[in-house]
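Visitor: following is a predicted model, sequence given first.
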Amino acid sequence: MKIVVLGGGPGGYVAAIRAAQLGAEVTLIEKNKIGGTCLNVGCIPTKVLLHSAEVIEILKHAAILGIDVQKFELNLANLMNRKESIVNALVEGTRKLLISNGVEILNGTGVFENSKTILIKEGDDALRRVTFDACILALGSVVSEVPIPGTDHSDVVTSSEALSFDSVPHELVIVGGGVIGVEFADIYASFGSKVTIVEMMDSILSMMDSDIVDIARMSFEMKGVKILEKTSVKAIKREFDQPGAKLVVEVEGSNGIQRLPADKVLMAVGRRPSTEGVGLEQVGIVMNKGAIVVDDRMRTNIKGIYAIGDCNGGIMLAHVASSEAIVAVETIMGHRVEIDFRTTPSAIYTRPEMASVGWTEKEAISKGYKVEVGKYPLIANGKAQIMMEEGLVKIVADAQTREILGVHMIGPRATDIIAEAAIALRLEATVDELVTTIHAHPTVSEAVLEAGHGVFGYPIHLPK
């Protein structure tokens, strides 16, 4: 079986490795760098900056921890060098993983010549033809563009450029209050920027449970982040018509028209599938609003061609792309593996961290469930107190069957602990099974146990 994988991100490289493990002859074609957006200008580099932001916040309160820090300052150049070093090491490590599994890596743009042949091009030059029995499209996504006048100014940037600032902007306006927007707000507020988030919808992080968002909003505001919700951007202009002059972001919301000064404006309005320039129309692949249409086995309408990750218009998360890669490969190789998207965790790496899996309380009610909810504030958790952090764990359960429908948390280690909740949903666990599972002490994960006790009763370690 000869398999070609088009794209080397977290979907593509996982597909290539798994296919090789199962005995396929695998060729991976990547036009840029192995690792895709996630490894090069997404998940990994943002977490490098977020970790430094977390350390800064800890140092600000070092005296409470019994540590006398006389002075500290951010060395942005050193931090950017560290970021590049980590990214390069992981990219090289992934490349070696592919090679060690016998995957052939080809650099260039893959374009369909027909449903069984891909032409590899560099610019206008055709380098090589590759035939295949099956092809997995892992094309990823690109930054969405919005028709706002002034986005062509040099100081209006995307997340990629915001990862490589040569200085900390004094005033930063972030357009979009989703995951990307709030993570960069957390980074640069900790670095010393005066940050304003402009969100068009009713709330930042609109996909998260409202109880979690309320705590997050309060945390951001305590760091000095200004949040404008139900507010739209009308235009971005130069304060003076000369290079280097400040930008002015004109917004309109409940307080009327406001003019926000900015040294940099970060457009964080989301991403869209990257499906142009690979000849999908040449083979007749069905699309829907720019995304490749697939079934639950990641199959397109063309036999032997599959699509995984961001390009198929599903959940745009690296771990989803990797999971879909396994499904596609196993299907090609004649096996069957199930994927339960209901167990997809969402993770936001601000301080405090946020994570969720399953339905929010509002979603469960809208689906016709009668629900019971358990909450446990982390101010009552010993480990969280030691770490000088607060937060909340919230469990949504079916009032009749006691099955866990969703778990939502904000606080230290939330992005790690959420895996426990994902397994609970995958196994259709009940609250009773959760609370009879012994949790280690002292840990933040004990808060999940306590929230479980709170669903149909009351937490053990919380006064009435």
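Guide: Good, I have the coordinates. Numbering: from 1, shown residues only.

Visitor: domains of this structure?
Guide: The record assigns the chain these domain ranges, following automatic domain parsing: 2-143+272-339, 156-267, 344-456.

Visitor: correct me, but residue 354 touches residue 412?
Guide: No - Residue 354 lies out of contact with residue 412 (CB atoms under 8 Å); the separation is 11.1 Å. Bear in mind the C-beta positions are built from the backbone N, C-alpha and C, glycine included.

Visitor: more neighbours, the two?
Guide: Under the criterion of other CB atoms under 10 Å, the comparison of residue 354 against residue 412 puts residue 354 first, with 28 against 24.

Visitor: what's near enough to touch that one?
Guide: 205, 208, 212, 216, 346, 347, 348, 409, 410, 414, 415 (CB atoms under 8 Å, 6 or more residues apart in numbering).

Visitor: looking at these, which is nearest residue 426?
Guide: Relative to residue 426, the closest of the contacts of residue 354 is residue 346; by CB to CB it sits at 15.5 Å.

Visitor: tell me which element the nearest residue to that closest one once chain neighbours are set aside falls in.
Guide: Among residues not flanking residue 346 along the chain, residue 356 sits closest, at 5.1 Å (CB to CB, 6 or more residues apart in numbering). Here residue 356 sits within strand 354-358, counting by DSSP states H and E.

Visitor: what about residue 420, neighbour count?
Guide: Look at residue 420: counted by other CB under 10 Å, it has 17 neighbours.

Visitor: list phi and psi for it.
Guide: phi -60, psi -40 (degrees, to the nearest 10).

Visitor: in contact with it, which residues?
Guide: Counting by CB under 8 Å, 6+ apart, residue 420 touches 445, 448.

Visitor: check residue 424 too.
Guide: Counting by CB under 8 Å, 6+ apart, residue 424 touches 404, 407, 433, 434.

Visitor: which pLDDT value belongs to it?
Guide: Here, the pLDDT recorded for residue 424 equals 98.

Visitor: for it, helix, strand, or coil?
Guide: For residue 424, the assignment made with DSSP: H, G, I helix; E, B strand; the rest coil gives helix.

Visitor: tell me which of the contacts of residue 424 fall in strands.
Guide: 404, 407 (DSSP state E).

Visitor: selecting buried members of the contacts of residue 424 in PyMOL, what would you type?
Guide: Buried members of those, defined by 16 or more other CB atoms under 10 Å, are picked up in PyMOL with:
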select buried, resi 404+407+434
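
Visitor: remind me which helix or strand residue 294 belongs to.
Guide: Counting by DSSP H and E, there is no helix or strand that carries residue 294.

Visitor: hang on, isn't it packed against residue 312?
Guide: Yes - between residue 294 and residue 312 there is a contact at 4.8 Å, judged by CB under 8 Å.

Visitor: need the helices for the stretch 51-200 of the chain, in chain order.
Guide: Listed in chain order, the helices of the stretch 51-200 of the chain (DSSP state H, counting those that start in this stretch) span 76-100, 159-162, 179-191.

Visitor: between these, which gets nearest to residue 284?
Guide: Closest approach to residue 284 among those (CB to CB): helix 76-100, 30.2 Å.

Visitor: got the angle for that closest one vs helix 179-191?
Guide: 140 degrees (axes from the mean of the first three to the mean of the last three CA atoms, to 10 degrees).

Visitor: who's in contact with helix 76-100?
Guide: 8, 13, 16-17, 28, 33-35, 39-40, 44-45, 48-49, 52, 105, 163-168, 191.

Visitor: point out where the protein drops to low pLDDT.
Guide: Residues of the chain meeting the criterion pLDDT under 70: 124, 241-244.

Visitor: center of it - which residue?
Guide: With distances taken as CA atoms, centre = their mean, residue 317 lies nearest the centre of the chain, 5.4 Å away.

Visitor: what's the neighbour count on the nearest residue to that residue once chain neighbours are set aside?
Guide: Take residue 317 and drop its neighbours on the chain: the residue closest to it by CB to CB, 6+ apart is residue 344, 6.8 Å away. A total of 18 residues lie near residue 344 under the criterion other CB under 10 Å.

Visitor: wait, residue 344 sits on residue 320?
Guide: Yes - with contact defined as CB under 8 Å, residue 344 reaches residue 320; the gap is 5.9 Å.

Visitor: which of the contacts of helix 76-100 are buried?
Guide: 8, 13, 16-17, 28, 33-35, 39-40, 44-45, 48-49, 52, 105, 163, 165, 168, 191.

Visitor: among these, which are in strands?
Guide: Filtering the buried ones among the contacts of helix 76-100 for strands - DSSP E - leaves 28, 105.

Visitor: next one: the strand holding residue 356 to chain centre, how far?
Guide: Centroid separation for strand 354-358 versus its chain: 12 Å, with CA atoms, centre = their mean, to the nearest Å.

Visitor: and the contacts of the one helix or strand residue 19 maps to?
Guide: For residue 19, the host element (DSSP H and E) is helix 12-21. Contacts to helix 12-21, defined as CB under 8 Å, 6+ apart, come from residues 1, 3, 5-6, 8, 26, 28, 30, 34-36, 94, 97-98, 101-103, 136, 138, 308-309, 321-322, 325-326, 328-330, 332-333.

Visitor: now which of those residues would you call buried?
Guide: With burial judged by 16+ other CB under 10 Å, the buried subset of the contacts of helix 12-21 is 3, 5-6, 8, 26, 28, 30, 34-36, 94, 98, 103, 136, 138, 308-309, 321-322, 325-326, 328-330, 332-333.
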